[in-house]
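Participant: My questions are about this predicted structure, shown below with the sequence.
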Amino acid sequence: MLETSARLLRLLALLQTRPDWTGAELAGRLQVSPRTIRYDIDKLRNLGYPVHAAPGVTGGYRLGAGAKLPPLLLDDEEAVAVAIGLRTAGAMEGIEETSLRALAKLEQVLPDRLRRRVQALHAATVSLAPGGPAVAAETLTAVAAACRDRHRLRFGYRTHEGSGRERDVEPYRLVHTGRRWYLIGWDVDRGDWRTFRVDRIALRTPGGPRFTPREEPPASIVPKGVDTALMRYRARVTVHAPASAIASHLPESVLVESVDDGTCVVHAGGETPMRLALHILSLDADFTVSDPPELLEALRTLSARAEVTRRGSAREGQGVAPFVHGRLGLSPAPPGQP
């Protein structure tokens, strides 16, 4: 039979694995009597673990949430996952220092075999700067709670152009594309599903009333193409290459539509015309694009710069290959433009 301290740890681990346990189930797992289980449950309560009991034949025990956080029991894989998550936390602003403090506490008590696994992963991983704007942790948790509790959200929303609008939304889901956080919700005033960038949301207090959940939004709204759809500048680019070849080099959030075996359409976006142009050029394939005008101007600017570089390199005898204007597939330039 297990010693009392070891048995308490086993009992706590069992209570954390699923919501409800009967006394008989726990007694069978630990090979003790139901009376001993009741005794051990009282011990856990005295240590600060809120274990709730339901009376009756079908009653049982449930580990609830208390006024303070008691120690947690994690298995090997859970401990490694938490350590990695704390190390890479960067999508929310204001929690970097808190994450490092929590990580230091966790690594201090990790067994050597797990600490070596975590340290090996950290040593072999290079973290790049986040690609999108940071979002306050308080905003994310408030939006997530509204999604869970089915409370409307009232917030000010800053558009692409910088203007502000008041929104009344029934929140559905948070979506993280790796670059940005988005809220998918039913816009009450517009009577339709909408997608909002969370970094542009200014929550109003108090929030709205509870609402009855609607049918799930169409699959087209989450999450494929959401990152592109909310960019300030967008383009529908015909790329003269198979969709499979192009899609393999793009994030999953970018929508790529196959036209035939050798052609596809890419829905590209960027915060500035130049970023959009560079994004399209990075596809490394012939393409055709007709709008927006700001994108065409950015591509012509890049073409002119490349032509100047080619001529300068040629004079120096470096033999750089010429930049082919026809590869861009631009619409005819207005008179007086390159």
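Facilitator: Noted; the coordinates are in hand.

Participant: Looking at the biggest strand by length in the chain now, give me its mean pLDDT.
Facilitator: Longest strand of the chain, by residue count under DSSP state E: strand 164-176. The pLDDT scores in strand 164-176 average 88.

Participant: Also stretch 299-317?
Facilitator: 68.

Participant: In its sheet, which strands sit next to the longest strand of the chain, and in what direction?
Facilitator: The pairing partners recorded for strand 164-176 under DSSP bridges are strand 153-158 (antiparallel), strand 181-187 (antiparallel).

Participant: Lowest mean pLDDT across the ones you listed, which one is that?
Facilitator: Taking the mean pLDDT of those, strand 181-187 comes last: a mean of 89.

Participant: on that earlier part again, now the strands paired with strand 164-176 as CSV including distance to Val259 and mean neighbour count?
Facilitator: Placement of C-beta: from N, CA and C, glycine included. Output for those, formatted as CSV (distance: least, C-beta to C-beta, whole Å; neighbours: other C-beta atoms under 10 Å):
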stretch, distance to Val259, mean neighbour count
strand 153-158, 35, 18
strand 181-187, 28, 22
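
Participant: Could you dump those into a markdown table with distance to Glu271 added?
Facilitator: Rendered in a markdown table, the data for those read as follows (distance: least, C-beta to C-beta, whole Å):
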| stretch | distance to Glu271 |
| --- | --- |
| strand 153-158 | 14 |
| strand 181-187 | 15 |
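
Participant: do you know which of the ones you listed lies nearest Asp284?
Facilitator: strand 181-187 (28.4 Å; C-beta to C-beta).

Participant: That closest one: how far from the chain's middle?
Facilitator: 13 Å (C-alpha atoms, centre = their mean, to the nearest Å).

Participant: May I have the longest strand of the chain exported as PDB, CA atoms only?
Facilitator: Taking C-alpha atoms only, strand 164-176 is exported to PDB below (Å, rounded to 0.1, in the frame of the first residue of the first chain):
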ATOM      1  CA  GLY A 164     -13.000  55.000 -35.400                       C
ATOM      2  CA  ARG A 165     -16.300  53.100 -35.300                       C
ATOM      3  CA  GLU A 166     -18.400  51.700 -32.500                       C
ATOM      4  CA  ARG A 167     -19.300  48.000 -32.900                       C
ATOM      5  CA  ASP A 168     -21.700  45.700 -31.100                       C
ATOM      6  CA  VAL A 169     -20.600  42.100 -31.700                       C
ATOM      7  CA  GLU A 170     -21.600  38.600 -30.600                       C
ATOM      8  CA  PRO A 171     -18.100  37.100 -30.300                       C
ATOM      9  CA  TYR A 172     -17.600  33.600 -31.700                       C
ATOM     10  CA  ARG A 173     -13.900  32.700 -31.800                       C
ATOM     11  CA  LEU A 174     -10.400  34.100 -31.500                       C
ATOM     12  CA  VAL A 175      -8.100  33.200 -34.400                       C
ATOM     13  CA  HIS A 176      -4.300  33.500 -34.300                       C
END
